[in-house]
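>>> heads up, no residue letters with this:
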């Protein structure tokens, strides 16, 4: 008798589970809940800033804050052009400074002033927004 009850339980579980899945699928597909509303779709331009920041938390800072300007392109340009700019700026500084220093040498008790090496340093300047 115990074996027949066990077999009946397994058959009942199998039939009950399959009927439950079919009924659940039917309810899921054909019935909508009354407390669920249809979404209103609006363009992002109509949203306020707080809602946008909640919707899109990973957007870059220059989009969130309009006062922030991106100058990454300028920093990369200065980094690539740094060796050439260093030579040109140092040459210009020497040509401007030599006559001014030569003019001041007779007034002071200095014999001469020479530039041994003039450089702008090892790190390029970084421009912020």
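Arrived safely, thanks for sending. All figures in this text were calculated on a predicted structure; none of them were measured in a lab. Numbers count the residues shown, from 1 in each chain.
>>> contacts and neighbour counts: CA atoms only from here.
Will do.
>>> was I right about residue 82 contacting residue 126?
No - using Cα atoms under 8 Å as the test, residue 82 is too far from residue 126 to be in contact (11.6 Å).
>>> The two: which has the busier surroundings?
Using other Cα atoms under 10 Å as the criterion, residue 82 and residue 126 rank with residue 82 on top: 17 against 12.
>>> Excluding residues flanking it in the chain, which one is nearest the more buried one?
residue 124 (6.6 Å; Cα to Cα, 6 or more residues apart in numbering).
>>> Next, the contact list for the one you found, please.
In this structure, residue 124 makes contact with 78, 79, 82, judged by Cα atoms under 8 Å, 6 or more residues apart in numbering.
>>> helix, strand or coil for the first one?
The reference is to residue 78. With DSSP: H, G, I helix; E, B strand; the rest coil as the basis, residue 78 sits in helix.
>>> any idea how far it lies from residue 126?
Here the criterion is Cα to Cα, to the nearest Å. By it, residue 78 lies 8 Å from residue 126.
>>> cool, and the second one?
From residue 79 across to residue 126, the span is 9 Å (Cα to Cα).
>>> Looking at the contacts of residue 124, which is nearest residue 11?
residue 79 (75.8 Å; Cα to Cα).
>>> State the number of residues packed around the closest one.
Neighbour tally, residue 79, other Cα under 10 Å: 15.
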